[in-house]
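Q: just the structure for this:
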Amino acid sequence: MPTQNTPTAAATIRPTAADPRRWTALVAITLASLMVVLDASVINIALPDAQRELGIAQADRHWVVTAYALTFGGLLLLGGRVADINGRRRTLVRP
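A: Numbers count the residues shown, from 1 in each chain. Down below sits the predicted model:
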């Protein structure tokens, strides 16, 4: 049990300055989330035309949205894994 003369662990921790790039990261994450929602909206807007052109039945519309979401999520995971293996910069920047 600490006494008044011995510093506690909380007293020895010094606050660090906040990284100024944190706002840039927040904006990037927010824009990425917006793009995912926008992507889902686009498929729902384009679905009636695609349904008419491809002859998809009204009852099968939800399967199209589900297949699109699963493909999108799978490719997102694959891209993240490739970036983990190769490095993010090397994956996203052309040599």
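Q: ok, residue 65 to residue 92 distance?
A: The gap separating residue 65 from residue 92 is 28 Å, by Cβ to Cβ, to the nearest Å. For the C-beta atoms, the positions are set from N, CA and C on the backbone; glycine is no exception.
Q: compare the two (neighbour count), which wins?
A: Counted by other Cβ atoms under 10 Å, residue 65 and residue 92 do not tie: residue 65 has more neighbours, with 13 against 10.
Q: show me where the chain has its strands.
A: In the chain, no strands are defined using DSSP state E.
Q: what ranges in it fall below the confidence cut-off?
A: Applying pLDDT under 70 to the chain flags residues 1-15, 95.
Q: where do the helices of it begin and end?
A: Listed in chain order, the helices of the chain (DSSP state H) span 9-12, 22-54, 61-86, 88-92.
Q: buried sites along the third one?
A: So that's helix 61-86. 64, 68 (16 or more other Cβ atoms under 10 Å).
Q: that helix versus helix 22-54: what angle between them?
A: Our comparison of helix 61-86 with helix 22-54, counting by axes from the mean of the first three to the mean of the last three Cα atoms, to 10 degrees, yields an angle of 140 degrees.
Q: helices or strands up against helix 61-86?
A: For helix 61-86, the contact count by 3 or more Cβ pairs under 8 Å, 6 or more residues apart in numbering; DSSP states H and E identifies helix 22-54, helix 88-92 as packing neighbours.
Q: can I get the ones you listed in JSON lines including distance to residue 73?
A: Listed next are the helices and strands packed on helix 61-86 as JSON lines, based on distance: least, Cβ to Cβ, whole Å:
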{"stretch": "helix 22-54", "distance to residue 73": "10"}
{"stretch": "helix 88-92", "distance to residue 73": "18"}
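Q: I'd like to know which of those is closest to residue 71.
A: Among the helices and strands packed on helix 61-86, helix 22-54 comes nearest to residue 71, with 10.6 Å by Cβ to Cβ.
Q: helices or strands up against that closest one?
A: Against helix 22-54 (3+ Cβ pairs under 8 Å, 6+ apart) you get helix 61-86.
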